[in-house]
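**Q** sharing a sequence plus its predicted fold:
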Amino acid sequence: MADQPQPNGKRREIADRIFVGADGSREPTAQPNTIAGEFHFSNGHVIHVDFARFSDGVRACAMSFGAMTSIGNTMGSAKLSQNDQIEAAEARVETLYAGTWRSERQIGPRIGDVLEAMIEFRAEKGKPSDPSWIVDVRRKMEAEEPGWTARKILSDYPAVQAKVDAIRARRAAERAEKSREAAGTAPTADPSGLLA
């Protein structure tokens, strides 16, 4: 159920949110075949939202809002470091680009990092990584076929692990440089006395 703030700080349930698939399935989260949404209220009232009735502009706005919200939600709380937030957001973007909406939070090495490292490793050995090879390897890794998990590849190929570490270090260095540049252009005033 969706929540509504109450004066005492507790939340009250309002309605269950359901996503309706083209096949009539009803799920708690959006699916690739979702065509409508419903709010089911505790008093039995249902609001049905047929997405096909939205204008192209409204569908584009809804898609943009949903994608950005999904990416933003992966960053978690403000307790995470900025680098961890960036890593989480980039991993979610990668998941969406791969054609997956619903996914378990990825634990461990990012498939995109391992794939990038494998491509670099193969290039150094004179082995090209054509698009069909890349698609096939990504599919095997995402399906976690035996021998094709990111962890297994990194365990079996320390040189690929070293490249993943270098990729992460390169990204962190690029972010640090952007932060230094931003700090160089920021006003030097200290209105709250924080730096005094």
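**A** Here it is on my side, so go on. Given the structure is predicted, the values throughout are model-derived calculations rather than measurements.
**Q** and Val20, that's in a strand?
**A** Yes: the assignment for Val20 by DSSP: H, G, I helix; E, B strand; the rest coil puts it in a strand.
**Q** list the beta-bridge partners for it.
**A** Arg26, Ala36 (DSSP bridges).
**Q** next one: the residue nearest to His40 when sequence neighbours are not counted from Asp23, what distance?
**A** Spatially, and ignoring its direct neighbours in sequence, His40 is nearest to Asp16 (4.3 Å; C-beta to C-beta, 6 or more residues apart in numbering). Any C-beta I mention is one placed from the backbone N, CA and C, and that applies to glycine too. Going from Asp16 to Asp23 by C-beta to C-beta, to the nearest Å gives 20 Å.
**Q** of the two, who's got more company?
**A** Applying other C-beta atoms under 10 Å to Asp16 and Asp23 shows that Asp16 carries more neighbours, namely 15 against 8.
**Q** count of neighbours near Ala88?
**A** For Ala88, using other C-beta under 10 Å, the count is 20.
**Q** remind me, longest helix of this structure?
**A** helix 158-185 (DSSP state H).
**Q** give the buried residues for it.
**A** Val160, Gln161, Lys163, Val164, Ile167, Arg168 (16 or more other C-beta atoms under 10 Å).
**Q** hang on, the residue nearest to His40 in a strand?
**A** Yes: under three-state DSSP, Asp16 sits within a strand.
**Q** for the protein, name the helix or strand with the lowest mean pLDDT.
**A** When the helices and strands of the chain are scored by mean pLDDT, DSSP states H and E, strand 3-5 comes last with a mean of 44.
**Q** nearest the geometric middle of the protein, what residue?
**A** The chain has Arg92 as the residue nearest its centroid, 1.4 Å off, counting by C-alpha atoms, centre = their mean.
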